[in-house]
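# Generate a structure from the sequence data that follows.
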Amino acid sequence: MSRVERAPALTTTSFAILGLLAIQPWTTYELAVQMERTLNRVWPRARSRLYEEPKKLVAHGLATATKESVGRRPRTVYTITDQGRAALAEWLQSPGEGPSLEFEQHLKLFFADFGTREDALAGLAASRAWAEQQLDVFIESARAYLAGEGEFHQRSAVTSVGARFLVDFYDLVDRWAAWATEVVQEWPDDPSRADPTLAIDHYILQLAQQRASRLAETSDPPPATAKRDR
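As a prediction, the model looks like this:
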């Protein structure tokens with residue numbers, strides 16, 4: 001008896017690709033470019049993995065594949081199906097997992113006491129350069145959208161919400177690296193000989209108090225007690 005092959009299980013990456021197909025049909029190359037241009041900032045994946053996802057969607061009946069030719073070059077265009085749109089809508093009903101941060105420069109700073117002060121300063125300078133580079137991309141994009149030239153301008157009401165998070169995050173990295181640079185510059189050449197400090201612990205508790213105050217201000221007031229007739 002021949003074994004019936006099952007389609008590979010769908011992953012978050014599968015639904016990311018399905019979401020792009022909900023915007024318009026794409027080839028695998030175009031999907032990879034769109035992932036790198038947009039979603040790669042919050043869901044980075046190797047291009048080689050992305051090329052397999054559309055085939056998986058077809059196997060599940062969530063997309064169709066159409067063979068075309070551009071000159072002598074063949075290509076396959078993928079289009080979402082009604083079943084695919086329903087599956088995407090169902091996937092969006094779940095809030096998903098929180099962020100997972102990968103930050104090699106930050107990781108190296110954690111072990112700075114096994115290197116030199118200059119090593120740590122170089123890593124922080126690289127962090128600032130990275131943040132500024134990312135911000136430049138959004139600045140250019142913002143100018144294009146304001147000029148009415150942004151790609152998929154009709155979706156800007158949705159995409160701008162996520163863009164605000166990314167811009168704030170890159171700005172946070174830049175501001176943090178600038179502050180950390182001032183701190184590290186006061187270290188001795190051997191960071192392991194730097195004086196211990198509790199300043200950050202006080203800062204964290206101060207933030208906690210501020211957050212508690214904000215929550216208290218925004219919480220609903222208790223319902224008014226009705227007065228009894230006398």
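
# Helices of this protein, residue ranges please.
According to DSSP state H, the chain carries its helices in the segments 12-23, 28-37, 47-50, 53-59, 82-92, 104-110, 117-146, 156-185, 199-218.

# Can you check what angle separates the second one from helix 117-146?
Same thing as helix 28-37. 120 degrees (axes from the mean of the first three to the mean of the last three CA atoms, to 10 degrees).

# which other residues reach helix 28-37?
The contact list for helix 28-37, computed with CB atoms under 8 Å, 6 or more residues apart in numbering, reads 16-17, 20-21, 26, 43, 45, 47, 50-51, 53-54, 75-76, 78. Placement of C-beta: from N, CA and C, glycine included.

# List the buried residues in it.
Under the neighbour-count criterion of 16 or more other CB atoms under 10 Å, helix 28-37 has 28, 31-32, 34-35 buried.

# Show me the domain layout of the chain.
The record's domain parsing of the chain by automatic domain parsing lists 12-90, 104-212.

# what pLDDT, on average, does the shortest one get?
So the one you mean is domain 12-90. Across domain 12-90, the average pLDDT comes to 94.

# The longest one too?
Confidence over domain 104-212 (mean pLDDT, whole number) is 95.

# mind putting the helices of the chain in CSV, distance to V70 included?
Supplementary listing: the helices of the chain in CSV, determined by distance: least, CB to CB, whole Å:
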stretch, distance to V70
helix 12-23, 19
helix 28-37, 11
helix 47-50, 20
helix 53-59, 18
helix 82-92, 25
helix 104-110, 40
helix 117-146, 27
helix 156-185, 29
helix 199-218, 55
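
# rewinding a little: if any of the contacts of helix 28-37 are buried, give me the ChimeraX selection for them.
In ChimeraX, a selection of the buried entries from the contacts of helix 28-37 looks like this (16+ other CB under 10 Å):
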select :16,17,20,21,26,45,50,53,54,78
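
# returning to that earlier point: deepest of the domains of the chain, which one?
Looking across the domains of the chain with neighbours counted as mean count of other CB atoms under 10 Å, the highest average goes to domain 12-90: a mean of 16.
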